[in-house]
Structure formats: C-alpha cells, structure tokens
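1. Predicted model and sequence follow; I will ask about them next.
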Amino acid sequence: MKPILFVDFNGVISYQNFWNSIYSEDHKLFNLRNDINSFVFVENRDFVKDWMIGLHTAEEAHDLIKEKFDIDKDYLFEIFKKDAETIDVSEKILSKLQELKSKYKVVMITDNMDTFTRFTLPNNPEISKTFDGIFISYHTGQLKKTDEGKIFKNIVNLFDSKLEESILIDDSKSNCELFESIGGKSICVTGENEVLKRLTNL
C-alpha cells in the first residue's frame, strides 16, 4: 500500500483569512477588520475550538459578532459565505499533488469549520478531484492534536498504510512536531513557492 501524504489546507494550499473582503481599504468594515478577527480568534478561542469540532455553526459565530459590534448579521454572513466560496486555492499545488498520486495516497487533513464543506468544497471541485480522502475536524470531531494525534493513526489504519512512511505537510510547527512524535515525517512550510519546491523534491 502507498504511504500517505497528509496535506493541510490553510497556510499550505490557501492563504486567505475569513472575511477577506473587508481587508480591502475601500470596504466599509475595513476599520473593524482587526477587531473582528481578534474578537473571534483571540477573545473567543474556546468557542473557535468547539466550532472546529462541530459544536457550533458559522451562524452562531456571527451571532457573537453581531452582539459585540452591532453589525447586521445577514450582511456580514453573506460576506463570509462569498469569501469562503471564492477563497484562494493554489491550482499549481493541486496539480503537483495530482502528479504525486502515483506514489502516495494524498489526503487532506484540516482543522476547519462547517464553512469548508458548506461553501468552499462545492465551489472548488478540483479539491475533491485531487485528494484520495478529505478529513475535516468539524466532521471527524477531532483536531489534529486531539488524543496525541489519534486522527492520523485512524486514517493510516483506514488506508492500510504505515505511519512511519507517511508525511505531513503543514504550516504549524507544533502539528509537525506532534506528527513526528508519533512516528511520521513532516514538512513545515507555508507559501506557494516553498510548498511547490518541497513537493517537487518528493
């Protein structure tokens, strides 16, 4: 059986943030961009963790933002939805991964929210064509670090592969360290050019 090439999404294949549109200087919410980001991902870190394992929805996240900033929920949610649908996805990296499928089982593993399957995947069919498996924490109920990387072990068993022959490509140093601690190999990298270079070396 082929070894598994685990690939993260954000920071490896895609580089945009949620509500990316409001980072444009001419957007009417531009002045709130950092406040919204900090409120959700710093002040409500525990909410986000629970969101990523399926305990909350994108709508609930926008309820929190509306309560804090008195922003029209439907307006902001529509921005969020459109940005998730049109998020940047590196076609060059997907193409390179497709070439590597002759040597590896190519598997996406991402700590992500309901937005990924609701908005991103349906509007980016090339993602589904590229990967032999897609594992999203919102649906698995497990983050990469849950139970010391149990999700990786489960996936390796599912594909009847070997952990020590598997590779993780991730932009998180701690995720890479965890993967190596359980017996795998890792490549910690971000940015399209660097990812392409490392994939070419595989």
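-> That came through, no problem. Residues are numbered from 1 along each chain as shown.
2. CA atoms for contacts and neighbours, from now on please.
-> Noted.
3. Within the helices and strands, which one has Val156?
-> helix 150-158 (DSSP states H and E).
4. What would that helix look like as CSV? C-alpha coordinates only.
-> Only the C-alpha atoms of helix 150-158 are listed here, as CSV (Å, rounded to 0.1, in the frame of the first residue of the first chain):
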residue,chain,number,x,y,z
LYS,A,150,-5.2,9.9,17.1
ILE,A,151,-6.9,11.1,13.9
PHE,A,152,-3.7,10.4,12.0
LYS,A,153,-3.4,6.9,13.3
ASN,A,154,-7.1,6.3,12.4
ILE,A,155,-6.6,7.5,8.9
VAL,A,156,-3.4,5.4,8.4
ASN,A,157,-5.3,2.3,9.5
LEU,A,158,-8.2,3.2,7.2
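5. when you give positions from now on, start the count at 53
-> With the count now opening at 53, the last piece we talked about shows up as helix 202-210.
6. Show me what the mean pLDDT comes to for the helix or strand that that helix is followed by.
-> Remark: after helix 202-210, the chain's next helix or strand is strand 219-222, criterion DSSP H and E. Strand 219-222 carries an average pLDDT of 98.
7. can you pull out the helices in the chain?
-> 85-90, 97-103, 110-121, 125-137, 143-152, 166-167, 177-182, 189-192, 202-210, 225-233, 244-253 (DSSP state H).
8. out of everything not next to it in sequence, what's closest to Lys118?
-> In this structure, Lys118 finds its nearest non-sequential neighbour in Lys125, 5.7 Å apart by Cα to Cα, 6 or more residues apart in numbering.
9. what's the burial count for that neighbour?
-> For Lys125, the neighbour count with other Cα atoms under 10 Å is 17.
10. How confident is the prediction for it, by pLDDT?
-> 96.
11. cool, the one 3 residues further on as well?
-> Looking at Leu128, its pLDDT reads 96.
12. same check, this time on Lys214
-> The model's pLDDT for Lys214 equals 96.
13. Do I have it right that it meets Phe204?
-> No - judged on Cα atoms under 8 Å, Lys214 makes no contact with Phe204 at a distance of 10.5 Å.
14. between these two, which one's more packed in?
-> Phe204 (24 against 17).
15. Relative to Leu215, how far out is that one?
-> To Leu215, Phe204 is 8 Å away according to Cα to Cα, to the nearest Å.
16. can you pull the contacts of Leu248?
-> 144-145, 148 (Cα atoms under 8 Å, 6 or more residues apart in numbering).
17. now with 10 Å?
-> Applying Cα atoms under 10 Å, 6 or more residues apart in numbering, one finds that Leu248 lies in contact with 64-65, 142, 144-149, 242, 254.
18. Make a ChimeraX selection of the buried ones in the residues you listed.
-> Entered in ChimeraX, the line below selects the buried ones among the contacts of Leu248, by 16 or more other Cα atoms under 10 Å:
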select :64,65,142,145,146,149,242
